[in-house]
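J.: below is the structure, and that's it, no one-letter string:
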């Protein structure tokens, strides 16, 4: 085979490999219920990053703590979100993707309105009450508004994971 044909063959193989690799990566960064997410007013990349970190996109996921669905909502949290937004809470629907995502987006928006982003993500994971206590302790905050240190290692890892996933979403989809 001539040198030019070999180069062309190798270039074609490389392009095909990059295409299939890109498709595989995009499959691991899914975007379910895009319409609901878009309506929420929360940045899409952040919502999808939370979904990926929380449940790996498993609609029927249930944690040991009892958090349910794509966005891993505790029933008490979902009830709070419904009451706050004048919605009916139907516990049996928490594992339905559209219902779970709608409530999860409302809760995430609520936390983002209350706290700076990293602190809001910590609250999504550890609980709003826990983060409120941390913000009263100068060991964890410099200003009483945002966390300078997250005392739960699991929550610190969670925040970093969500931020990494969000960057990937922004790279792949914007």
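T.: Cool, got the structure. On a predicted model such as this, the values are computed, not experimentally measured, just so you know.
J.: contacts only, for residue 65.
T.: The contact partners of residue 65, by Cβ atoms under 8 Å, 6 or more residues apart in numbering, come to residue 74. Yep, even glycine has a C-beta here, placed from its N, CA and C like the rest.
J.: got a pLDDT number for it?
T.: Looking at residue 65, its pLDDT stands at 94.
J.: which stretch of helix or strand covers the closest residue to residue 60 other than its chain neighbours?
T.: Nearest residue to residue 60, sequence neighbours excluded (Cβ to Cβ, 6 or more residues apart in numbering): residue 95, at 4.9 Å. Using DSSP states H and E, residue 95 falls within no helix or strand.
J.: could you report the neighbour count for residue 95?
T.: By other Cβ atoms under 10 Å, the residues close to residue 95 number 16.
J.: and what of the one 3 residues further on?
T.: The criterion is other Cβ under 10 Å. On that basis, residue 98 has 14 neighbouring residues.
J.: got the domain boundaries for this structure?
T.: Split into domains by automatic domain parsing, the chain comes to 1-30, 31-173.
J.: for those, which one ends up most surrounded?
T.: Mean neighbour count (mean count of other Cβ atoms under 10 Å) peaks for domain 31-173 among the domains of the chain, with a mean of 17.
J.: so where is this protein shaky, pLDDT-wise?
T.: Along the chain, the parts satisfying pLDDT under 70 run over 1-28.
J.: if we use 50, what do you get?
T.: 11, 13-18, 20-21, 23-24 (pLDDT under 50).
J.: ranges for the helices of it?
T.: For the chain, applying DSSP state H gives helices covering 3-28, 34-40, 44-55, 75-84, 97-114, 117-126, 128-134, 153-173.
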